[in-house]
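Participant: Fold the stuff below for me.
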Amino acid sequence: MNRLIIKIIFLIYISFSLSCSYEPLYSGKSYNFGIEKIKFEEKGEKDANKIIENKFKLIQEVNDKNFRKYTLLIKTSKIKKIVSKDSKGDPVKFELVLIADFEVIENEKILLDKKIERKNIYDNKSDKFKLEQTEKIIIENLASSISDMILSSIIILNDN
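Facilitator: Numbering: from 1, shown residues only. Okay, the predicted model is just below:
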């Protein structure tokens, strides 16, 4: 029993001393461009829009005149489909698709017009609250992935 406690303490000590140096994707890096404005279509998926907007708020606006400033126009939509049903006709699996159409604009000129689609298949739950929480987490993950892809597209565009 005593050796087990010593091993656990040793493992905890090692894990703390060798922990990774986590750094948020957006805040730790400096980019040679800034996001002047982010505009969302009113009919878009509000939860996804908030997540995307919060990710891009971490990119600080650049005041240097040599850096490019972009405006983003983003339209998001969500589609929830039934993928499979049981013998009674009740849904067993769902597919959640999050779509983002975005434009990157500089000086009122559209530089990039692109559509990104991310999807996830998940099981139905008898508890509707748990199902709703699962869908929120999935939307959060899909929106985060979409914002990463939008940022990557802007970086590639800016390098050209």
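
Participant: all contacts plus neighbour counts: C-alpha atoms, from now on.
Facilitator: Will do.

Participant: Return the set of buried residues in whichever strand or helix holds residue 118.
Facilitator: Assigning secondary structure by DSSP states H and E places residue 118 in strand 109-123. Residues 117-118, 122 are the ones in strand 109-123 that count as buried (16 or more other C-alpha atoms under 10 Å).

Participant: okay, the angle between the lengthiest helix in the chain and strand 109-123?
Facilitator: Ranked by number of residues, the top helix in the chain under DSSP state H is helix 128-159. Using axes from the mean of the first three to the mean of the last three C-alpha atoms, to 10 degrees, the inter-axis angle of helix 128-159 relative to strand 109-123 is 150 degrees.

Participant: Hmm, residue 120 is touching residue 99, no?
Facilitator: No - counting by C-alpha atoms under 8 Å, residue 120 does not reach residue 99; the two are 11.9 Å apart.

Participant: Just confirm residue 43 is within a helix.
Facilitator: No - counting by DSSP: H, G, I helix; E, B strand; the rest coil, residue 43 is not found in a helix; it is coil.

Participant: ok, the strand holding residue 118: who's next to it in the sheet?
Facilitator: Looking at strand 109-123 with DSSP bridges, its partner strands are strand 91-106 (antiparallel).

Participant: residues near the nearest residue to residue 69 once chain neighbours are set aside, how many?
Facilitator: Of all residues not flanking residue 69 in the chain, residue 34 sits nearest, at 4.7 Å (C-alpha to C-alpha, 6 or more residues apart in numbering). Using other C-alpha atoms under 10 Å, residue 34 has 19 neighbouring residues.

Participant: I'm done for today, thanks for sticking with me.
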